[in-house]
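A.B. asks: need a structure here:
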Amino acid sequence: MRLKLTLEPIGGRLILQVHYNHLIQGMIYHHLDQALARRFHEEGFTYHKRRFKLFTFSRLISRNPHYLPERRELVFKGPIYLWIGAMEVEFLESLASHLVKRREVRLEGQSCHLAAIEVEMQPEARGPVVVRTLSPITVHRTFFDPEGRKKTRFFHPSEVEFERLVFDNLLRKARAFYGEQTDVFPALEDGAYLRPLKLKKEVITRFKDTLVKGWDGLFELSLPEPLFTLAYNAGLGARNSQGFGMVEVVKQYETSL
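C.D. replies: Residues are numbered from 1 along each chain as shown. Down below sits the predicted model:
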């Protein structure tokens, strides 16, 4: 399940630093019940030593946002749209309840009126679908160079490792959420794929002190249920709770029997 927020900046415009993902994440945690926010932030869902928050969000989407290069800021005018997805209904119910009560969202000291909040159910995925990124998809590997320095290698969607790492990540999230003993995992070997169709651009984002490279564009995605549900509501790839990997379905192919 997902929420779609429509925001109207009080004063006519919203000015944010160009790397604003952490501001959106902070706003989301701020509007959750305190105990729930603590559980998601500190615990999440675990698989071995990995922790997953299993929520994601889009970039802020508005008509013709203006970039101020000298200040490295973005200027948004209303309406501004923000999508937030999660696997736990309790997460979205708590968020929606707090937002409706306040009717206001604050980002970097600026207020936006909550003009609308909509619940969006996921589309059925019968066979392959074309998805468009609402926030960039990113996957990477970390290694040490010969001098012992830690390095991070981000992968391009055209590389074989990109699809493999996306699906490895998805399976770990599935085991964290659904449990180890389930029959959904072998199905991933049968016809699942993620193919880039039209890449828009590489997106370089700084989340606090961490540099992240991801990709925007159109992809063809084929996944069995319930893995499609997990990918749609919690995101594809890594760093979903930092605002990466949210997609929307733009086309569904007809499959012949």
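
A.B. asks: Is there a neighbour count for Arg71? I'd like the number.
C.D. replies: When counting by other C-beta atoms under 10 Å, one arrives at 11 neighbours for Arg71. Glycine gets a C-beta too; all of them are placed from N, C-alpha and C.

A.B. asks: try the one 5 residues further on
C.D. replies: Using other C-beta under 10 Å as the criterion, Phe76 is surrounded by 23 other residues.

A.B. asks: Could you do His98 as well?
C.D. replies: 14.

A.B. asks: I'd like the distance between the residue nearest to it when sequence neighbours are not counted and Leu54.
C.D. replies: Once its chain neighbours are removed from consideration, His98 has its nearest residue in His31; the separation is 4.1 Å (C-beta to C-beta, 6 or more residues apart in numbering). Remark: distance between His31 and Leu54 (C-beta to C-beta, to the nearest Å) = 17 Å.

A.B. asks: For those two, indicate the residue with more neighbours.
C.D. replies: Leu54 (22 against 19).

A.B. asks: wait, doesn't the more buried one sit right on Phe45?
C.D. replies: Yes. Distance between Leu54 and Phe45: 5.5 Å, which falls inside the contact criterion (C-beta atoms under 8 Å).

A.B. asks: shared neighbours, the two?
C.D. replies: Common neighbours of Leu54 and Phe45, using C-beta atoms under 8 Å, 6 or more residues apart in numbering, are 173, 176-177.

A.B. asks: Next, Lys213: secondary structure please.
C.D. replies: With DSSP: H, G, I helix; E, B strand; the rest coil as the basis, Lys213 sits in strand.

A.B. asks: do the same with Ser94
C.D. replies: When states are read from three-state DSSP, the local structure at Ser94 comes out as helix.

A.B. asks: Next one: it from Lys77, what distance?
C.D. replies: Where Lys77 is concerned, Ser94 sits at a distance of 30 Å (C-beta to C-beta).

A.B. asks: Nothing else from me, thank you.
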